[in-house]
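# Sequence unavailable; structure follows:
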């Protein structure tokens with residue numbers, strides 16, 4: 001079993017670990033940390049990698065648990081996110097096939113809570129990618145991880161947190177801006193989906209196979 005944080009359109013490694021485990025528990029009772037994948041994802045635009053972020057409010061200040069973090073309605077973030085994705089991926093091979101699905105997740109998921117938005121995204125992507133992992137959500141903070149693999153803080157945009165995790169190797173795939181920036185690995189699952197479409201699941205299986213000693217070790 002693996003322990004994960006909630007995440008907004010998570011990176012490739014998040015789904016690779018899900019694909020390689022039968023069960024995952026997502027911790028909703030941790031004290032919400034700043035600048036993580038919990039409310040942001042990394043995409044590739046014409047200017048290179050860019051993080052798009054869901055604005056949040058912490059009603060209990062720095063002691064707010066993840067399950068109480070609110071999505072701020074003071075910023076037109078939905079419109080900004082969709083404009084960024086449309087500009088970045090409109091020429092990607094499979095954008096036309098998945099654009100409505102992603103646009104609906106951003107615009108039509110009506111919730112005040114960040115965790116509900118992320119849950120809706122995860123549920124759809126697990127179904128779309130046919131990943132059978134059983135997902136549970138914690139009823140309390142998980143202090144004792146036992147023999148479980150704890151990835152709550154290791155899957156992170158912060159280099160200091162990533163030291164907790166074995167570095168993975170990512171096979172290259174077609175990216176629309178590869179001629180400008182070369183291959184950029186481990187961005188949001190959106191990048192793989194828009195570029196590879198129905199082959200996204202095969203790509204994740206390839207990532208797991210290439211990194212099996214690290215993932216299962």
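Received the coordinates, thanks. All of these numbers come straight from a predicted model, not from anything done at the bench. Residues are numbered from 1 along each chain as shown.
# From here on, just use CA atoms for contacts and neighbour counts.
OK.
# Which element is encountered next along the chain beyond the stretch of helix or strand residue 78 belongs to?
Following DSSP states H and E, one finds residue 78 within helix 77-89. Using DSSP H and E, the next helix or strand after helix 77-89 towards the C-terminus is helix 95-108.
# For the helix or strand harbouring residue 215, what is the distance to the chain centroid?
Counting by DSSP H and E, the element that carries residue 215 is helix 212-216. In terms of Cα atoms, centre = their mean, to the nearest Å, the centre of helix 212-216 is set 20 Å apart from its chain centre.
# hmm, who's touching that helix?
Where contact means Cα atoms under 8 Å, 6 or more residues apart in numbering, the residues beyond helix 212-216 that reach it are 17, 20, 166, 167, 168, 208.
# which one of these is nearest residue 180?
Proximity of the contacts of helix 212-216 to residue 180 (Cα to Cα) peaks at residue 168, which lies at 23.5 Å.
# what ranges do the strands span in the protein?
Taking DSSP state E to define them, one finds strands in the chain at 2-4, 23-26, 40-45, 48-53, 56-57, 70-71, 134-137, 149-150.
# Same list, those strands, but as CSV with distance to residue 11 please.
As requested, these are arranged in CSV below (distance: least, Cα to Cα, whole Å):
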stretch, distance to residue 11
strand 2-4, 12
strand 23-26, 15
strand 40-45, 7
strand 48-53, 11
strand 56-57, 20
strand 70-71, 21
strand 134-137, 17
strand 149-150, 17
